[in-house]
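> I need the structure of the sequence given here:
(chains A, B and C, ligands or ions: 6)
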Amino acid sequence: MKKIEAIIRKSKFDEVKKALHSSEVVFFTYWDVTGVGNEKQGHVYRGVSYSTTDIQRRKLSIIVSDEFLDKTVSALLESAYTGSVGDGKIFVSTIDEAYRIRTKEKGTDSLK
Amino acid sequence: MKKIEAIIRKSKFDEVKKALHSSEVVFFTYWDVTGVGNEKQGHVYRGVSYSTTDIQRRKLSIIVSDEFLDKTVSALLESAYTGSVGDGKIFVSTIDEAYRIRTKEKGTDSLK
Amino acid sequence: MKKIEAIIRKSKFDEVKKALHSSEVVFFTYWDVTGVGNEKQGHVYRGVSYSTTDIQRRKLSIIVSDEFLDKTVSALLESAYTGSVGDGKIFVSTIDEAYRIRTKEKGTDSLK
Ligand SMILES: Nc1ncnc2c1ncn2[C@@H]1O[C@H](COP(=O)(O)OP(=O)(O)OP(=O)(O)O)[C@@H](O)[C@H]1O
Ligand SMILES: Nc1ncnc2c1ncn2[C@@H]1O[C@H](COP(=O)(O)OP(=O)(O)OP(=O)(O)O)[C@@H](O)[C@H]1O
Ligand SMILES: Nc1ncnc2c1ncn2[C@@H]1O[C@H](COP(=O)(O)OP(=O)(O)OP(=O)(O)O)[C@@H](O)[C@H]1O
Ligand SMILES: [Mg+2]
Ligand SMILES: [Mg+2]
Ligand SMILES: [Mg+2]
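Ligands and ions are numbered 1, 2, ... in the order given. So this is what the prediction gives:
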């Protein structure tokens, strides 16, 4: 099983959610975070090139079975895209075990 | 070392916390998140079966040594349970290294 | 690639951010969390030794290439340190893949 963490523009959330649903990814968790980094194309103001930092972002955490990984990442890459600096990041890691609390099911059964 | 992430009903938090303490798990971190999914048993309203989405949840992140994994998961499975749809999920992953900042201790020593 | 999660005192955030920048770590994500644990040196009040729980903390999530791991951890250990109980924790785990959404770059290229 894989965990997909996506940090996206808040303005793109509805579109991303719709794209996930179209890819049959209907379970996920999200919360709001602050992003620090080179958030804007540096521009020159009074001779100094600067770029703002500390931007509000939305973080999604999606646990999927291995066979859903590729299409979930593709859905995120497409739906969160604008082409301007700051579209966000996707990070993939491995989940050793998962449980549905109600049924005590384990593994990929708990994700269905 | 293992990371246990649990997404539970907010109303179950106090009970879960007590159960963790009873299992000698006294360190953890939590924050509030939004869950998207099949959050309610679909029911029929004016002929349409629907299920609400976007429910407030609490997420716990608990790092434990391997020997504490099983009893921590058991404590969560029992204390977060109601039997109704939406009791939550538990995800387990691997932590490569841990540090206590005050003492610079590493590994399981940093968790004691 | 590695994920470094640090749970620090909120009062130390500016110092930590500066230290990360000095180590060329300019991208990260943060949000506020609650920490449960032995948050204060137990002290005796009316004959009872107690320690408060549920303290506000800030959590940082930093994804770096393997070669940046050591200096990032060192920067955190130094800048988040006060020497008093409750300076926080650092947890390291493995990231399988990363993407920059704007360019569709993968791997460490997406982190530069
Ligand atoms: N290495 C990282 N570790 C943790 N979070 C990151 C990292 N890189 C980016 N982020 C998060 O992702 C958000 C968006 O990043 P962003 O899209 O600006 O990436 P970028 O590499 O600067 O690409 P671009 O050149 O398109 O701006 C940041 O605000 C931050 O929250
Ligand atoms: N695959 C997943 N990835 C990320 N978060 C998830 C995933 N599945 C569930 N969650 C989170 O867990 C919360 C609770 O899930 P829930 O208990 O409804 O799971 P379920 O599989 O629908 O089980 P049930 O049939 O009992 O409702 C969701 O609101 C969401 O925040
Ligand atoms: N095992 C753990 N799992 C998850 N979060 C943890 C864990 N241990 C500590 N934390 C988080 O880190 C925060 C700070 O921990 P703290 O610095 O008090 O660690 P400590 O081990 O008690 O060290 P000290 O003896 O210096 O107090 C806690 O408030 C909690 O949010
Ligand atoms: Mg950027
Ligand atoms: Mg459900
Ligand atoms: Mg402490």
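> please name the nearest non-neighbouring residue to A:Lys106.
A:Tyr99 (5.7 Å; CB to CB, 6 or more residues apart in numbering or on different chains). Where C-beta positions appear, they are placed from N, C-alpha and C, glycine not excepted.
> am I right that the one you found is in contact with B:Ile90?
Yes - assessed by CB atoms under 8 Å, A:Tyr99 is found in contact with B:Ile90 at 4.2 Å.
> what is in contact with the two at once?
B:73, B:77 (CB atoms under 8 Å, 6 or more residues apart in numbering or on different chains).
> hang on, the earlier thing: which helix or strand contains the residue nearest to A:Lys106?
Using DSSP states H and E, A:Tyr99 sits in strand A:97-100.
> outside of that strand, which residues touch it?
A:1, A:63, A:105-111, B:73, B:77, B:87, B:89-92.
> out of those, which are buried?
A:1, A:63, A:110-111, B:73, B:77, B:87, B:89-92 (16 or more other CB atoms under 10 Å in any protein chain shown).
> picking that back up, the contacts of strand A:97-100 also near ligand 2: which ones?
Among the contacts of strand A:97-100, the residues lying close to ligand 2 (CB under 6 Å from any ligand atom) are A:63, A:111, B:87, B:89.
> what sits against the last one?
When contacts are counted by CB under 8 Å, 6+ apart, B:Lys89 touches A:63, A:98-101, A:110, B:6-7.
> the helix or strand where it lies vs strand C:88-94, what angle?
For B:Lys89, the host element (DSSP H and E) is strand B:88-94. Relative orientation of strand B:88-94 versus strand C:88-94 (axes from the mean of the first three to the mean of the last three CA atoms, to 10 degrees): 80 degrees.
> strand B:88-94 near ligand 5 anywhere?
No - judged by CB under 5 Å from the ion, strand B:88-94 stays clear of ligand 5, getting no closer than 8.6 Å.
> hey, where'd the helices end up in chain A?
Secondary structure of chain A (DSSP state H): helices at A:13-22, A:69-79.
> on that earlier part again, tell me how far the residue nearest to A:Lys106 lies from A:Lys12.
31 Å (CB to CB, to the nearest Å).
> more neighbours, those two?
A:Tyr99 (22 against 19; other CB atoms under 10 Å in any protein chain shown).
> A:Thr103: neighbour count?
Neighbour count of A:Thr103, defined by other CB under 10 Å: 13.
> quickly note the distance from the closest residue to it other than its chain neighbours to A:Ile101.
Of all residues not flanking A:Thr103 in the chain, A:Ser110 sits nearest, at 7.7 Å (CB to CB, 6+ apart). Between A:Ser110 and A:Ile101 the computed distance is 9 Å (CB to CB).
> output the below-cut-off pLDDT ranges for chain A.
A:38-53 (pLDDT under 70).
> ok, which residues in it are in contact with chain B?
A:3, A:17, A:26-31, A:63, A:93-102, A:104, A:110 (CB under 8 Å from any CB of the partner chain).
> buried among those? Make that a ChimeraX selection.
To isolate the buried members of the residues of chain A next to chain B in ChimeraX, using 16+ other CB under 10 Å:
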select /A:3,17,27,28,29,30,63,93,95,97,98,99,100,101,102,110
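> the strand holding B:Lys89 near ligand 3 at all?
No - residues of strand B:88-94 are not located near ligand 3 by CB under 6 Å from any ligand atom, the shortest gap being 12.8 Å.
> strand partners (parallel or antiparallel) of that strand?
strand A:97-100 (antiparallel), strand B:2-8 (antiparallel) (DSSP bridges).
> using CSV, write out every CA atom in the first one.
Output of strand A:97-100 as CSV, limited to C-alpha atoms (Å, rounded to 0.1, in the frame of the first residue of the first chain):
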residue,chain,number,x,y,z
GLU,A,97,-0.4,-2.0,7.3
ALA,A,98,-3.9,-0.5,7.3
TYR,A,99,-7.0,-1.2,9.4
ARG,A,100,-10.7,-0.3,9.1
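> can you give me how far that strand is from the chain middle?
21 Å (CA atoms, centre = their mean, to the nearest Å).
> can you check stretch A:105-112 too?
On CA atoms, centre = their mean, the centre of stretch A:105-112 falls 22 Å from the chain's centre.
> CA atoms only for that stretch - export them in PDB, please.
Output of stretch A:105-112 as PDB, limited to C-alpha atoms (Å, rounded to 0.1, in the frame of the first residue of the first chain):
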ATOM      1  CA  GLU A 105     -10.300  -5.600   8.300                       C
ATOM      2  CA  LYS A 106      -6.600  -5.400   7.400                       C
ATOM      3  CA  GLY A 107      -4.500  -4.700   4.300                       C
ATOM      4  CA  THR A 108      -6.000  -3.700   1.000                       C
ATOM      5  CA  ASP A 109      -9.400  -5.000   2.100                       C
ATOM      6  CA  SER A 110      -9.600  -2.100   4.600                       C
ATOM      7  CA  LEU A 111      -9.200   0.400   1.700                       C
ATOM      8  CA  LYS A 112     -12.100  -0.900  -0.500                       C
END
